[in-house]
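> the amino acid sequence is not available; the structure is as follows:
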């Protein structure tokens, strides 16, 4: 039986971040405009496998998906056992900029989902000059608490399974089974307490409702794409966010949930291609 070898290349980089050495894993494919993909809370860059493998995208874009420290194949820094992981807005922004600069990317496009969609708003607000465009998937300025995060890292429950259970409910009903279960599997593999630590940013530290008017889309175009079945970042949440940002472009994607690029890559890419085409021809 012949194997099909994908064109994705995976590598590690060692970089100094906040005075500590980090070993960061990233995958890339394609050439042209850099497109940096930011995964969801508790998961990793595998969520962008459909984007990395699509020749319609990689013909014009160098797609790069990296695992945040503590996630996927990226290791936590030495001494991690002496503290708890908790993601803040400042740290999240800094690691994205550090990776982009380490790879010497020239004004990349940043595309993030969920917590990545939230930090995309921070990047548009605070670092517009660093990016060619920002694409926020499942983006909102805040999230209404709807579950107790203490159960995500608790000795009485299986951490991977409880994290996956929450993720499973956010997948759209039309997602192909293979993609649905692969998305859930990624959550089952997350490190202890990592999903909970990410949600500190999503639920507490990253709330920027009062600052949305600072985003200037004339400096950096902003595109917001949200699945209609998401109840963590609902279409109403994204529309409310966009209403506070003059010039933001919004698209509500029928049939998709909270993980559009992972749960239904083909369905999502149909919405993404027009956005990337507009960015490429600006």
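In hand now; what should we look at? All values reported here derive from a predicted model rather than from experimental measurement.

> what does the longest helix along the chain contact?
Of all the segments of type helix in the chain, defined by DSSP state H, the longest one is helix 265-280. By C-beta atoms under 8 Å, 6 or more residues apart in numbering, the residues outside helix 265-280 that reach it are 32-33, 35, 49-51, 54, 56-57, 60-61, 109, 132-133, 135, 174, 179, 221, 223, 225, 249, 251, 253, 255-256, 260-261. C-beta here means a position set from N, CA and C on the backbone, and glycine is covered the same way.

> sort out which of the residues you listed are in helices and list them.
Using DSSP H to define helices, the subset of the contacts of helix 265-280 located there is 49, 50, 51, 56, 57, 179, 260, 261.

> buried ones among these?
Among the ones in helices among the contacts of helix 265-280, those scoring as buried are 49, 50, 51, 57, 179, 260, 261 (criterion: 16 or more other C-beta atoms under 10 Å).

> quick one on the thing from earlier: give the rounded mean pLDDT of the longest helix of the chain.
Helix 265-280 shows a mean pLDDT of 98.

> chain center to that helix, what's the gap?
Relative to the centre of its chain, helix 265-280 is centred 16 Å away, using C-alpha atoms, centre = their mean, to the nearest Å.

> work out for me the element residue 63 sits within.
Secondary-structure element containing residue 63, defined by DSSP states H and E: strand 61-66.

> how far off helix 265-280 does that strand point, in degrees?
Between strand 61-66 and helix 265-280, the angle comes out at 120 degrees (axes from the mean of the first three to the mean of the last three C-alpha atoms, to 10 degrees).

> tilt between the following helix or strand past strand 61-66 and strand 61-66?
Stepping forward along the backbone from strand 61-66, the first helix or strand reached (DSSP H and E) is helix 89-102. With the same axes, to 10 degrees applied, the angle from helix 89-102 to strand 61-66 works out at 130 degrees.

> which residues sit against helix 89-102?
13, 15, 17-18, 24, 26, 34, 36, 38, 66, 68-69, 108, 110, 115, 119, 122-123, 126-127, 130, 201, 205-206.

> what subset of these is buried?
Judged by 16+ other C-beta under 10 Å, buried ones among those: 17, 24, 26, 34, 36, 38, 66, 68-69, 108, 110, 115, 119, 122-123, 126-127, 130, 201, 206.

> now do the contacts for residue 77.
Residue 77 sits next to 17, 20, 21, 22, 69 when contact means C-beta under 8 Å, 6+ apart.

> any idea how far the last one is from residue 13?
Going from residue 69 to residue 13 by C-beta to C-beta, to the nearest Å gives 12 Å.

> which neighbours do those two have in common?
Between them, residue 69 and residue 13 share the neighbouring residues residue 24, with contact defined by C-beta under 8 Å, 6+ apart.

> for ChimeraX, what selects the buried ones among the contacts of helix 265-280?
Those of these that count as buried under 16+ other C-beta under 10 Å are selected in ChimeraX with:
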select :33,35,49,50,51,54,57,60,61,109,132,133,135,179,221,223,225,249,253,255,256,260,261
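
> now the strand holding residue 63: average pLDDT?
Model confidence over strand 61-66, given as mean pLDDT, is 98.

> what's in contact with it?
Under the criterion C-beta under 8 Å, 6+ apart, residues 24-37, 39, 45-48, 51-52, 57, 74, 99, 103, 105, 108-109, 276, 280 lie in contact with strand 61-66.

> make TSV from the contacts of residue 77 and add secondary structure and pLDDT to it.
Rendered in TSV, the data for the contacts of residue 77 read as follows (DSSP: H, G, I helix; E, B strand; the rest coil; pLDDT from 0 to 100):
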residue	secondary structure	pLDDT
17	strand	89
20	strand	91
21	strand	93
22	strand	94
69	coil	97
